[in-house]
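Enquirer: Here's a sequence, model it:
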Amino acid sequence: MKFLITTIAILAMPVAVLAQTPGREASVRHTVQAFYAAFNSHGFSHAADFTTADWNHINPYGGRTHGRAEVLRELHEVHSTFRNGVSDNIEKLDVRFASNDAAIATVTSRMSTFTSPDGTRHVNEQHIRTFVLAKRGPRWLIMQDQNTVVSPPPTG
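Expert: Predicted coordinates for the structure are as follows:
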């Protein structure tokens with residue numbers, strides 16, 4: 001019986017160690033932070049360093065764009081117009097692992113003031129974004145993200 005318990009403990013040890021490796025979480029956080037750095041500099045020229053070629057993006061207005069090239073085209077368009085000079089700063093970043101090669105990061109952020117194409121002025125707006133990341137070789141890459149505006153609760 002003692003041998004069985006020792007064997008089970010030894011076999012479970014690598015799984016427990018892998019699940020708790022702070023380096024994995026730090027790597028995912030680094031990837032997400034690279035996205036926000038690109039957003040805030042309005043330059044996504046290094047997007048291949050932190051996104052997959054089949055990256056999907058769902059914007060806060062419900063539009064969905066497929067593939068890195070198309071997502072970058074959309075981002076360049078909005079960042080050269082109504083999002084020009086706008087910053088989006090992380091307030092909270094949580095990371096969870098779905099498997100050894102899949103992670104989900106949830107970010108709450110605060111966006112600086114901007115006016116959207118419909119003329120609406122957005123002041124101190126909070127956003128929540130969910131990232132799905134895949135481990136490709138030694139790197140964690142964003143393969144999907146969805147950005148949602150956090151609306152204040154209705155007053156009644």
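Enquirer: I'd guessed Val54 sits against Thr65; true?
Expert: Val isn't right for residue 54; it's Asp. No: Asp54 lies out of contact with Thr65 (C-beta atoms under 8 Å); the separation is 11.5 Å. In this view, the C-beta of every residue, glycine as well, is placed from N, C-alpha and C.
Enquirer: Of these two, give the one with the bigger neighbour count.
Expert: Between Asp54 and Thr65, Thr65 has the larger neighbour count (other C-beta atoms under 10 Å), namely 17 against 12.
Enquirer: ok so the more buried one is a helix residue?
Expert: No: using DSSP: H, G, I helix; E, B strand; the rest coil, the assignment for Thr65 is strand, not a helix.
Enquirer: residues touching it, list them.
Expert: By C-beta atoms under 8 Å, 6 or more residues apart in numbering, the residues touching Thr65 are Asn56, His57, Ile58, Asn59, Val71, Glu74.
Enquirer: Only the buried members of those: can you turn that into a ChimeraX selection?
Expert: Restricted to buried positions by 16 or more other C-beta atoms under 10 Å, the ChimeraX selection for these reads:
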select :56,57,58,59,71
